[in-house]
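>>> with the sequence up front, the predicted model follows.
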Amino acid sequence: MSGKAINSEQVRVYMQTRQDGKKQVTAAAKAGISERSGRRIEKDDLQPGSKRKRYWRTRVDPFSDVWDSDVLPLLKKNHKLTPITLFEKLQKDHPGEYQDSKLRTFQRRVSEWKALYGPDQEVMFRQEQVVGRMGLSDFTQLKKVTITIQGQPFRHLLYHFRLAFSGWCSVKIVHGGESYTALAEGLQDALWRLGGIPREHRSDSLSAAYRNLNKDAAEDITRRYKQLCRHYGMEPTRNNRGKGHENGAIESPHGHLKKRIKQALLLRDSNDFSSEAAYVQFLDEVVSEINSRKQDKIEQERQHLQPLPLCRTADYTETVVPVSTTSTIQIKRILYTVPSRLIGKRLRIHIYDSRLEGYLGSTLTVTLPRVFVSANNHRGRQVDYRHVISSLAKKPQAFRYSQIRDDLLPDETYKAVWSWLDKEMEARKACKTMVGILSLAYRADCERQLGEYLQELMAGSTLPSLIELQNKFESRDQSIPEIQVNQPPASEYDSLLNCCLQGVH
């Protein structure tokens with residue numbers, strides 16, 4: 001009926017009557033509307049309570065005086081200016097005229113202008129994933145989650161590899177930061193676990209790997225990355241610097257992976273692990289669960305992957321360093337001790353993400369755990385008392401003022417023992433006893449047991465005696481071999497004598 005808005009109840013009655021098979025005129029009369037309104041309802045041209053859209057302003061524009069003169073020139077000059085920045089400038093230029101309550105109105109006005117007259121924005125083009133075409137690598141970090149190993153925080157990154165089509169993924173712990181070495185190790189582990197190779201490998205720009213490197217070093221990383229991809233028959237590609245969305249096939253799955261890890265930790269009810277190996281096993285179980293849910297697509301993609309080469313390629317960086325007279329080498333601002341027999345030699349060091357391997361010629365001579373400097377410390381040390389204890393035992397008084405004295409002590413227990421001995425004993429005797437304890441721990445391979453026994457002595461305020469410690473931990477039993485001597489018969493001596501006499505004649 002003219003002049004009255006049609007409500008939802010009238011529409012419901014009309015449509016129900018029509019569904020019951022009644023004519024439009026009958027249904028309209030029952031609903032109390034005109035037949036014409038009924039036809040419009042059926043064409044979806046008329047909605048209950050609909051009002052005519054308003055295209056005019058009902059309030060005075062509070063920025064009409066300054067929009068053209070103050071705001072537009074700034075927006076046209078630099079469209080990156082935010083509404084808040086422009087609003088605060090208006091408040092500064094026109095004190096008292098623009099209250100904070102008008103900020104939302106101003107934000108809408110600026111947003112509308114940018115939509116109508118601003119520059120074109122970047123468009124995201126969703127890509128069709130082709131089976132067997134692309135694998136992606138990236139590094140990520142577990143944020144707001146602290147993993148501990150035996151109660152100690154375990155700082156690390158995660159290397160994440162993923163196939164774009166099937167979503168098959170692999171994860172590896174990275175001890176240092178983003179680097180070519182971590183990428184090469186993680187990528188090769190993933191490919192051999194997968195059992196095939198995609199045609200293309202996509203990574204980010206590895207900007208962290210290039211940090212603090214000179215031009216030659218950066219070019220060397222680029223060259224080795226290309227050689228790595230060539231060895232596996234992959235085309236190496238990188239997304240543009242600062243364009244993380246170009247790696248979208250792995251950036252978004254980062255979040256899903258980390259969410260699953262966090263949920264698995266909640267089910268486990270603990271973030272602490274007995275060892276790094278236990279943590280690695282935990283991550284493998286999480287990844288296996290992810291992959292098991294995509295098994296059909298993974299098997300489909302495996303059929304389109306390239307075969308693996310006969311062997312892996314180098315996944316380390318190499319450097320040559322001399323062994324100093326202090327039995328140490330310097331690698332990436334970290335001081336490492338090596339066995340003293342190598343003093344004066346030059347070692348070829350293979351630098352992996354978690355370890356160093358030292359070669360003398362082609363012989364693997366020493367393997368060292370790799371150490372990384374913290375953000376607050378530009379240098380570090382990795383000292384193993386076993387490397388130098390034989391020399392230190394000959395001059396134990398050198399221990400007291402050695403620059404690496406505290407690092408020579410293997411753990412907090414031995415540091416507490418040294419503090420106790422230095423306090424309770426005469427200076428020279430304290431040094432001799434401490435060095436003797438370290439020497440005994442090395443000879444008898446009893447570092448942990450000896451440390452626990454020394455803790456008991458400290459608790460009882462009983463000073464240790466080197467002789468007693470040696471008798472307790474160093475086995476002196478010597479097995480004397482039983483030797484049997486078979487006496488030959490005398491006739492054999494006669495034969496030997498006759499031979500000698502014939503030789504004389």
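Structure's in. What do you need?
>>> so where's the longest helix in the chain?
In the chain, taking DSSP state H as the definition, the longest helix is helix 248-268.
>>> for that one, buried residues please.
Within helix 248-268, the residues that qualify as buried are Gly248, Ala249, Ile250, Glu251, Pro253, His254, Leu257, Lys258, Ile261, Leu265, counting by 16 or more other CB atoms under 10 Å. Just so you know, the C-beta spots here come from the backbone N, C-alpha and C atoms, and that holds for glycine as well.
>>> show me the contact partners of that helix.
127, 129, 134, 136-138, 140, 142-143, 145, 158, 160, 162, 164, 167, 169, 171, 202, 244-245, 271, 282-283, 285-287, 289-290 (CB atoms under 8 Å, 6 or more residues apart in numbering).
>>> which ones among these lie within strands?
Counted as lying in strands by DSSP state E, out of those, are Met134, Leu136, Ser137, Asp138, Thr140, Leu158, His160, Arg162, Cys169, Val171, Arg202.
>>> save the residues you listed as JSON lines, and put in pLDDT and neighbour count too.
What follows is the ones in strands among the contacts of helix 248-268, written out as JSON lines (pLDDT from 0 to 100; neighbours: other CB atoms under 10 Å):
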{"residue": "Met134", "pLDDT": "90", "neighbour count": "22"}
{"residue": "Leu136", "pLDDT": "91", "neighbour count": "24"}
{"residue": "Ser137", "pLDDT": "91", "neighbour count": "21"}
{"residue": "Asp138", "pLDDT": "89", "neighbour count": "23"}
{"residue": "Thr140", "pLDDT": "90", "neighbour count": "18"}
{"residue": "Leu158", "pLDDT": "94", "neighbour count": "19"}
{"residue": "His160", "pLDDT": "94", "neighbour count": "23"}
{"residue": "Arg162", "pLDDT": "93", "neighbour count": "24"}
{"residue": "Cys169", "pLDDT": "94", "neighbour count": "23"}
{"residue": "Val171", "pLDDT": "95", "neighbour count": "22"}
{"residue": "Arg202", "pLDDT": "87", "neighbour count": "23"}
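>>> give me the angle between the longest helix of the chain and strand 134-140.
Helix 248-268 runs at 50 degrees relative to strand 134-140, counting by axes from the mean of the first three to the mean of the last three CA atoms, to 10 degrees.
>>> name the helix or strand of the chain that has the lowest mean pLDDT.
Among the helical and strand segments of the chain, the one scoring lowest on mean pLDDT, DSSP states H and E is helix 207-210, with a mean of 49.
>>> helix or strand right after that one?
helix 215-231 (DSSP states H and E).
>>> any residues touching stretch 323-333, and which ones?
319, 321-322, 335-340, 342-347, 349, 351, 356, 358, 373, 378-380, 387-388, 391.
>>> again, only using 6 Å
The contact list for stretch 323-333 (CB atoms under 6 Å, 6 or more residues apart in numbering) reads 321, 335-338, 340, 342-343, 345, 373, 379, 387-388.
>>> go on, stretch 275-285?
Ile149, Val171, Phe273.
>>> what ranges do the strands span in the stretch 301-450 of the chain?
317-322, 328-331, 334-337, 346-351, 355-360, 363-369, 380-382 (DSSP state E, counting those that start in this stretch).
>>> could those be laid out in CSV, adding distance to Cys311, mean pLDDT and mean neighbour count?
Formatted as CSV, the strands of the stretch 301-450 of the chain follow (distance: least, CB to CB, whole Å; pLDDT from 0 to 100; neighbours: other CB atoms under 10 Å):
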stretch, distance to Cys311, mean pLDDT, mean neighbour count
strand 317-322, 18, 92, 14
strand 328-331, 26, 94, 18
strand 334-337, 29, 94, 21
strand 346-351, 16, 94, 18
strand 355-360, 17, 94, 18
strand 363-369, 18, 94, 13
strand 380-382, 30, 90, 15
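>>> number of nearby residues for Thr85?
11 (other CB atoms under 10 Å).
>>> over to the one 3 residues further on?
The local packing count at Glu88 equals 13, with neighbours defined by other CB under 10 Å.
>>> so it belongs to a helix, correct?
Yes - membership of Glu88 in a helix is supported by DSSP: H, G, I helix; E, B strand; the rest coil.
>>> so how far is Arg443 from it?
Distance, Glu88 to Arg443, using CB to CB, to the nearest Å: 74 Å.
>>> which of the ones in strands among the contacts of helix 248-268 sits closest to Thr413?
Taking CB to CB as the measure, Thr413 lies nearest Leu158 of those, at 32.6 Å.
>>> from Ala264, how far out is that closest one?
14 Å.
>>> got the domain ranges for the chain?
The chain breaks down into these domains under automatic domain parsing: 1-51, 67-117, 134-302, 317-382, 387-473.
>>> Pro489 is nearest to which of those domains?
So among the domains of the chain, domain 387-473 is nearest, using CB to CB, at 48.3 Å.
>>> and that closest one, average pLDDT?
Taken as a whole, domain 387-473 has a mean pLDDT of 93.
>>> end to end, how far does it reach?
Domain 387-473 has its terminal residues 21 Å apart, counting by CA to CA, to the nearest Å.
>>> and the gap between the residue most central in space within the chain and Asp138?
What sits nearest the mean C-alpha location of the chain, by CA atoms, centre = their mean, is Leu157, with 1.5 Å. Going from Leu157 to Asp138 by CB to CB gives 10 Å.
>>> what's the neighbour count on the spatially closest residue to Arg428 that is not a sequence neighbour?
Spatial nearest neighbour of Arg428, chain neighbours left out: Gln397 (6.3 Å); criterion: CB to CB, 6 or more residues apart in numbering. By other CB under 10 Å, 12 other residues sit near Gln397.
>>> was I right to think Gln397 contacts Cys431?
Yes - between Gln397 and Cys431 there is a contact under CB atoms under 6 Å: 5.3 Å.
>>> can you tell me which of the contacts of stretch 275-285 is nearest Glu42?
Among the contacts of stretch 275-285, and counting by CB to CB, the member closest to Glu42 is Val171, at 58.3 Å.
>>> run through the bridge partners of the closest one.
Note on Val171: beta-bridge partners by DSSP bridges are His160.
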